[in-house]
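Enquirer: give the three-dimensional model of this entry:
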Amino acid sequence: MQHEAIERDEPLIDRSKRTLQYWVEHAAEAAASETGDGDYRRVTSHDLRRCWANHLLVEEGISPRIVMALGGWSSYDAIEPYLAAPTEENIIDSMSNIAL
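Expert: Reported below is the predicted structural model:
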């Protein structure tokens, strides 16, 4: 996968917070309509933020301090709930990279 370079002063997403919330609401409504599963209507941008934090922390091994800075969390206590238990694959990969 190729990544585009982002300038230091360039925002990651060049849209307002409300626009992003609208996109999520629209996608959730579309998913509910297409699947017939009304639970999708409860998906919010907060859910995506939580999922994104968990992915970076658990799956990608990004430092909690970096995720805090990117996601706007002001304290470690605020991000701690997203530090879910690592997957078996994460454990195996991490342990295979060290000498015991």
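
Enquirer: residues near residue 22, how many?
Expert: Residue 22: 13 surrounding residues under other CB atoms under 10 Å. All C-beta spots, glycine's among them, are computed from the backbone N, C-alpha and C.

Enquirer: which SS class is it?
Expert: helix (DSSP: H, G, I helix; E, B strand; the rest coil).

Enquirer: stretch 83-90: end-to-end distance?
Expert: Across stretch 83-90, the terminal residues are separated by 13 Å (CA to CA, to the nearest Å).

Enquirer: nope, stretch 9-17 is what I meant
Expert: Taking CA to CA, stretch 9-17 runs 18 Å from one end to the other.

Enquirer: equivalent analysis for stretch 38-47, please.
Expert: Using CA to CA, first and last residues of stretch 38-47 are 16 Å apart.

Enquirer: quick check: closest non-adjacent residue to residue 29.
Expert: Spatial nearest neighbour of residue 29, chain neighbours left out: residue 41 (6.4 Å); criterion: CB to CB, 6 or more residues apart in numbering.

Enquirer: OK, contacts around the one you found?
Expert: Applying CB atoms under 8 Å, 6 or more residues apart in numbering to residue 41 gives the contacts 28, 29, 32.

Enquirer: list the ones among these that fall in helices.
Expert: Judged by DSSP state H, helices contain the following of the contacts of residue 41: 28, 29, 32.

Enquirer: top of those residues by neighbour count?
Expert: Neighbour max across the ones in helices among the contacts of residue 41 (other CB under 10 Å) = residue 28, 19 neighbours.

Enquirer: related to what we said a few turns ago, and the contacts of residue 41 as JSON lines, adding pLDDT?
Expert: Conversion of the contacts of residue 41 to JSON lines gives the following (pLDDT from 0 to 100):
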{"residue": "28", "pLDDT": "96"}
{"residue": "29", "pLDDT": "97"}
{"residue": "32", "pLDDT": "97"}
